[in-house]
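Peer 1: starting from these lines, generate the structure:
(one chain, ligands or ions: 1)
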Amino acid sequence: MRNTLSKTISFLRYLKHAKYRHGFSVHSPFAYQLITEVFEEETPYYIYKVLEERRKTLRKDKTLIDVTDYGTRPSGQRSISEIAKRSIKSKRYAQLLFRIANHFQPETVIELGTSLGITTAYLAKGTPKGQVHSLEGSSNLIKIAKETAKIAKASNVTFHEGNIDDILKKTLNPLKQVDFAFLDANHTGEATLRYFNILKEKATSYSVFVIDDIHASEDMEEAWNQIVKEKKVRVTFDFFTMGILFFNEELQKQDYIYNF
Ligand SMILES: C[S@@+](CC[C@H](N)C(=O)[O-])C[C@H]1O[C@@H](n2cnc3c(N)ncnc32)[C@H](O)[C@@H]1O
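Peer 2: You can find the predicted model right below:
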C-alpha cells in the first residue's frame, strides 16, 4: 500500500489531467456516447433501491464471520458491517458497473472477488440474459452473496469458491469468451497482470474489462500502465479508483483520464 504522501501525489497528478466531463473535447463518437449515455446516465433504475437497501442492512450487521482472504488482507474474523463499509464498491461505482453491463449486455461476465455480492448482483441485473461467474475464496462471504443475489432476484449468477490462482483457468475453460471482466480480488500488480493475461485470451473485440484500484499502490499503477500499452487494448478510461478497457479493433488507440 502507498503512504499518504505518495497517494496524494498520485491523486493530484490524476486531477491535473482528468477531464472529458459531459464529453467535452472528446472526438470519438464511441467515447462520447459512452460518457454521455452510460458514465453520466442518471436514470434511477429500480434495482438501485433494492441493492442500496441491502447494503444498508449489511452495514448495520455486527455479526463476526471467519474470512479466508487469499489477497492482500490477512485472514481472520471480521464483522459484516466492516466489510460492507470498507471492502466493496461504493454505490456510485457499483451503479456505474450496472450501467456498463446494461449498455453492452455481455453474455459472459467474470467477477474476481465477490465479497458480499453487491456488485455481483448489480452486474447480474444489468445483463439479465447474461451469465455472471463470480469467484471468491471465502465460503462465508459466498453464503452472504447468495442471499444478496436472492434479494435482488438475480438468478443468473454462479459462485465459484476457491483461490482464484487455482480456479480461474478451470472456470474459464468451458467458456467460449469473456465479454465483461471485473478484476477486484488480489490488488497487487503481479496478480492483476497474471489474471489479466489469463482473461485476455478469452477477450473478443467487444469485450470490456474493468480493473479496480489501479492507483492503490505503485505496483498496481505499473500494472495498469503496462496493460494500457497492450496492443490488443484500444481504448482506456482511467477513473482513478478503477480503469476501464475496450478491445474493439475498429477504434483508434486512445487513453482517457476521465473526471467522474
Ligand atoms: C474488494 S473485495 C470484492 C468486492 C466486490 N467486488 C464488490 O464490489 O462488492 C475483494 C474480495 O476478493 C477476495 N479475494 C482476494 N484475493 C483472492 C484470491 N486470490 N482468491 C479468491 N478470492 C480472493 C477477498 O476474499 C475479498 O472478498
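Peer 1: switch to C-alpha atoms for all contacts and neighbour counts from now on
Peer 2: Will do.
Peer 1: quick one: end-to-end distance for stretch 244-254.
Peer 2: With Cα to Cα, to the nearest Å as the measure, stretch 244-254 spans 12 Å from end to end.
Peer 1: can I get the helix or strand harbouring residue 9 as PDB, trimmed to CA atoms?
Peer 2: Using DSSP states H and E, residue 9 maps to helix 4-17. Extracted in PDB, the C-alpha atoms of helix 4-17 (Å, rounded to 0.1, in the frame of the first residue of the first chain):
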ATOM      1  CA  THR A   4      -0.300   9.200   2.300                       C
ATOM      2  CA  LEU A   5       2.100  11.500   0.500                       C
ATOM      3  CA  SER A   6       2.500   9.100  -2.400                       C
ATOM      4  CA  LYS A   7      -1.300   8.600  -2.600                       C
ATOM      5  CA  THR A   8      -1.900  12.400  -2.600                       C
ATOM      6  CA  ILE A   9       0.700  13.000  -5.300                       C
ATOM      7  CA  SER A  10      -0.800  10.200  -7.400                       C
ATOM      8  CA  PHE A  11      -4.300  11.700  -7.000                       C
ATOM      9  CA  LEU A  12      -3.100  15.300  -7.700                       C
ATOM     10  CA  ARG A  13      -1.500  14.000 -10.900                       C
ATOM     11  CA  TYR A  14      -4.800  12.400 -11.900                       C
ATOM     12  CA  LEU A  15      -6.800  15.600 -11.100                       C
ATOM     13  CA  LYS A  16      -4.400  17.700 -13.200                       C
ATOM     14  CA  HIS A  17      -5.100  15.600 -16.300                       C
END
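Peer 1: ok, then the element right after that helix?
Peer 2: With elements assigned by DSSP H and E, the helix or strand that comes after helix 4-17 is helix 29-34.
Peer 1: show the average pLDDT along that following helix.
Peer 2: Mean pLDDT, helix 29-34: 95.
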